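**Q** when you get a sec, could you give me coordinates for this:
(one chain, ligands or ions: 1)
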Amino acid sequence: MAAAPKKKIAVMTSGGDSPGMNAVVRAVVRTAIHLGCDAFAIYEGYEGLVRGGDYIKKMEWHDVRGWLSEGGTLIGTARCMAFYERPGRMTAAKNMVLHGIDALIICGGDGSLTGADKFRAEWPSLLEELVSKGQLTKEQIAPYKNLNIVGIVGSIDNDLSGTDATVGCYSALSRICEMVDYIEATASSHSRAFVIEVMGRHCGWLALLAGVASGADFIFIPERPQPQDWREDMAQVVTRHRSMGKRKTIVIVAEGARDKDGTKISPEDVRGLLADKSEDGLGLDTRITTLGHVQRGGTAVAYDRMLGTLQGVEAVHAVLEATPETETCFIAINENKIVRKPLMEAVQDTKKVAAAVDAKDFEKAMSLRDAEFADQYFSYLTTTNAMVADHKLPEKSRMKIGFINVGAPAGGMNAAVRAAVAYCISRGHDPVAIHNGFAGFARHHGDKPLGSVRPFNWLEVDGWASKGGSEIGTNRELPSDSGMDLIADLIEQYGFDALFIVGGFEAFHSVSQLRKAREEYPSLCIPICLLPATISNNVPGTEYSLGSDTCLNELVNYCDKIKQSASATRRRVFVIETQGGRSGYIATLSGLNVGASAVYIPEEGISLEMLNADVNHLKQEFKNDRGQSRAGRLILVNEKSSKVYDAKLIASIIREEAHDRFESRESIPGHVQQGGAPSPMDRCRAVRLAIKCIQHLEDYGCHAHNRVKRDPNSTAVIGIQGSDVVFTPMKDLEERGTDWPNRRPKTAHWLGLRDVVDMLGGRPDYPRPE
Ligand code: ATP
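**A** Below is the predicted model of the structure:
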């Protein structure tokens, strides 16, 4: 029996380019080939589909080598007028049939995806017409009765409903935040105001998240204009911040910003008010910076590479599983979960936002955005208006909350503390800093504590949004190291009603100790909440710890540079040692983001068979390489993967076995992995999750000893699990979710990703250790 013909899957990028599109193309091409299909790229978007010929190109495995670290889209994109019309789509259909393409994966914005859906709906009639006009024969169209289409949203605006993030949006946000960080330094030096215009004609996501991540003084977004006169509102906020002693004023304006009557607000309008020297104005030395296309530029951040890759893989599976009855889907992400969703519903919901904005129905516009958008809007309001918010709690419900950082510093710790302090102030609570972890708390001179417990100074804290490290100081010691007697006594002395703890596995362990000691020490019967923050991402109860995204970005930058350094010799393998404790998360995700040839992690260990198979694979790769690879190859090894095989030894083994056909070097980034300025994702998630933590503590209120004792969630870890943000009781995690000897969760949600890394890196199959 003849083998079934190979399925031919094509991939295209369309609309505005966005960082991460190359990750999508690479993943689609390699997954398709891996699954026994032929892969095609359609160059220049729909334009290429209409033109046909050389614009439709069969892709081989090595054609996409090195694409992860390239910005924009290497297969080009274009706006195509012809595709809006039926004759254009008919030519496109003919080209698809002539190339034998059965399925199309399109990465683009809502316009591109609308076009795709229309194309699929019309497909049978387009083919019929082609036959009736004699351009194709019945035999030619027979195998292509249905067109299979899957969408991936590539857009820097993050404007599509139904998905939390679009491929490219976090890269654009990173560019913006980087620029705002630069501008802040000069603004502060000269005591200036800056009006920064960012992209977003219909969607304020970039402006909103940039405002949250940078702690901007004021933002303008299309979905939510000021309910009153924006001039009065902005003047009030800016005057207040200046009177508190702030030396800089940052205002972020989305391109599509409007006032409540629908009139466009331009950066010039905003500057007019800020710079106005009359009595009504603010008289500030004000400059406008329009970021423009910088926002699209550069290589993709770690998150966009991951998103593009995983969505590309999922899209190929969706194509292969689709039947003629399957509704056209697109690949979305909700919190941390990749899912398939009906395409047209999302496109229609997106159009409804624009319509609601046009109709000045701003409530509706906000409600049509996802939950994260509303949360972040609340975060922005809370942190900007901390001092004046009028939702203070009654006196008796106000709490004294101790803030403490435990473990190594991680990106986002300061942003979390800042947001939680702002929220506390807005509610009338009394937030108190405990400096330098439990060790700092316990430091005494004779009977006197050494001043490690201090109230926050809001002016100082307000500047922490973009700061790395831990401003209140952090320490690895556990409460038991200082003595639980002393810690319990101090909590009583200071009269804390709750504790908010930010940190990694030591913080988790500390919270567990505090919980267990409750029976003995009544002062510990207070609500305690942990916000996980560690680059290792090894805290049970969450799939994401603050700081892990910053770390991945550092590693991505580091690996890109190292890989490129081999571009002259081309025949070099780098063995890069990552941190991560006994969790292989950052090694695996970095492997996914940079296209590693192999990743070694503690969860699997390293065996001679693995090394042997990988060395043979490398030999083969270099043998087959006819100069296509423009850079070196990477192997990532977590520092605790093996007691014997460390990065140096692995590099030596490879060198020895390569017999001068290629070279090998080890490279250890070390503490660079903790990162400088935290990534915008870490900052924004820090803000959102920290506020939720304080709200959780607030639920218990003061003097709730009995309820605290009864309710296991009174000592909880906040986490992202799949598509939800949840609080998990510490007790459950201690007993069922924690691999204590290895200091990591019992199940690693990301473990399945190593197969994706191996598949896309072309790594050979070998039996994995149990
Ligand atoms: P961005 O978000 O960057 O604007 P987009 O995908 O929305 O991206 P568009 O310019 O709207 O960008 O669409 C890209 C291309 O998709 C168009 O040039 C056109 O070829 C096709 N297209 C868009 N909308 C339709 C439609 N309604 N019918 C047919 N084709 C369309």
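
**Q** next SSE downstream of the one helix or strand residue 532 maps to?
**A** Per DSSP states H and E: residue 532 is located in strand 528-532. Following strand 528-532 in sequence order, the next helix or strand is helix 548-565 (DSSP H and E).

**Q** dump that next one to CSV, keeping only the CA atoms.
**A** C-alpha atoms of helix 548-565 as CSV (Å, rounded to 0.1, in the frame of the first residue of the first chain):
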residue,chain,number,x,y,z
SER,A,548,12.5,34.1,37.1
ASP,A,549,11.6,36.2,34.0
THR,A,550,14.3,38.7,34.7
CYS,A,551,16.8,35.8,35.1
LEU,A,552,15.6,34.2,31.8
ASN,A,553,16.1,37.5,30.0
GLU,A,554,19.7,37.8,31.4
LEU,A,555,20.4,34.3,30.2
VAL,A,556,18.9,34.9,26.8
ASN,A,557,21.1,38.0,26.3
TYR,A,558,24.1,36.2,27.6
CYS,A,559,23.6,33.2,25.4
ASP,A,560,22.9,35.3,22.3
LYS,A,561,26.2,37.1,22.8
ILE,A,562,28.1,33.9,23.5
LYS,A,563,26.6,32.2,20.5
GLN,A,564,27.4,35.1,18.3
SER,A,565,31.0,35.2,19.5
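
**Q** tell me the mean pLDDT for it?
**A** The pLDDT scores in helix 548-565 average 93.

**Q** now do stretch 181-201
**A** Here the average pLDDT along stretch 181-201 is 92.

**Q** so which elements touch the strand holding residue 532?
**A** strand 498-503, helix 505-516, helix 680-700, strand 715-721 (3 or more C-beta pairs under 8 Å, 6 or more residues apart in numbering; DSSP states H and E). Every residue, glycine included, has its C-beta placed from N, CA and C.

**Q** could you dump these into TSV with distance to the ligand and mean neighbour count added?
**A** Output for those, formatted as TSV (distance: least, C-beta to the nearest ligand atom, whole Å; neighbours: other C-beta atoms under 10 Å):
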stretch	distance to the ligand	mean neighbour count
strand 498-503	36	28
helix 505-516	41	23
helix 680-700	20	25
strand 715-721	27	23
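
**Q** distance between stretch 393-406 and the chain's centre?
**A** 30 Å (C-alpha atoms, centre = their mean, to the nearest Å).

**Q** can you show me the CA trace of it as PDB?
**A** C-alpha atoms of stretch 393-406 as PDB (Å, rounded to 0.1, in the frame of the first residue of the first chain):
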ATOM      1  CA  LEU A 393     -11.200  50.800  56.000                       C
ATOM      2  CA  PRO A 394     -12.900  51.700  59.300                       C
ATOM      3  CA  GLU A 395     -10.400  52.200  62.100                       C
ATOM      4  CA  LYS A 396     -10.900  48.900  63.700                       C
ATOM      5  CA  SER A 397     -10.200  46.900  60.600                       C
ATOM      6  CA  ARG A 398      -6.900  48.600  59.900                       C
ATOM      7  CA  MET A 399      -3.900  46.300  60.300                       C
ATOM      8  CA  LYS A 400      -0.200  46.600  61.200                       C
ATOM      9  CA  ILE A 401       1.500  44.500  58.600                       C
ATOM     10  CA  GLY A 402       5.100  43.500  58.800                       C
ATOM     11  CA  PHE A 403       7.000  43.200  55.400                       C
ATOM     12  CA  ILE A 404       9.900  40.900  55.200                       C
ATOM     13  CA  ASN A 405      12.100  39.700  52.300                       C
ATOM     14  CA  VAL A 406      13.800  36.300  52.700                       C
END
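
**Q** so what touches the strand holding residue 532?
**A** 416, 498-504, 507-508, 511, 514-515, 539, 541-542, 544-546, 686, 689-690, 693-694, 696-697, 714-719, 727, 730 (C-beta atoms under 8 Å, 6 or more residues apart in numbering).

**Q** for residue 62, find the nearest of the helices and strands packed on strand 528-532.
**A** For the helices and strands packed on strand 528-532, the distance to residue 62 is smallest for helix 680-700, at 31.9 Å, taking C-beta to C-beta.

**Q** what residues does whichever helix or strand comes after the closest one touch?
**A** Tracing the chain C-terminally past helix 680-700 and defining elements by DSSP H and E, one meets helix 705-710 next. Contact with helix 705-710 is made by 518, 522, 525-527, 700, 714, as judged by C-beta under 8 Å, 6+ apart.

**Q** in which helix or strand does the residue in the chain that the ligand sits nearest to reside?
**A** In the chain, no residue comes nearer to the ligand than residue 111, which is 1.9 Å away by C-beta to the nearest ligand atom. Using DSSP H and E, the element containing residue 111 is helix 110-132.

**Q** neighbouring strands of the strand holding residue 532 in the sheet, and parallel or not?
**A** If you go by DSSP bridges, strand 528-532 pairs up with strand 498-503 (parallel), strand 715-721 (parallel).

**Q** got a list of contacts for the shortest one?
**A** By that I understand strand 498-503. Contacts to strand 498-503, defined as C-beta under 8 Å, 6+ apart, come from residues 399-407, 410, 413, 416-417, 420, 437, 474, 491, 507, 510-511, 514, 526-534, 546, 690, 693-694, 697, 700.

**Q** same check on the longest one?
**A** Residues external to strand 715-721 that are found in contact with it (C-beta under 8 Å, 6+ apart): 335-336, 508, 511, 514-515, 527-532, 539-544, 685, 689, 692-693, 696, 725-731, 733, 749.

**Q** for that strand, list the C-alpha coordinates in PDB.
**A** What follows is strand 715-721, C-alpha atoms only, in PDB (Å, rounded to 0.1, in the frame of the first residue of the first chain):
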ATOM      1  CA  THR A 715      -0.900  30.900  56.000                       C
ATOM      2  CA  ALA A 716      -0.900  30.800  52.200                       C
ATOM      3  CA  VAL A 717       1.200  31.000  49.100                       C
ATOM      4  CA  ILE A 718       0.000  33.000  46.200                       C
ATOM      5  CA  GLY A 719       0.700  31.500  42.900                       C
ATOM      6  CA  ILE A 720      -0.100  31.200  39.200                       C
ATOM      7  CA  GLN A 721      -1.400  27.700  38.500                       C
END
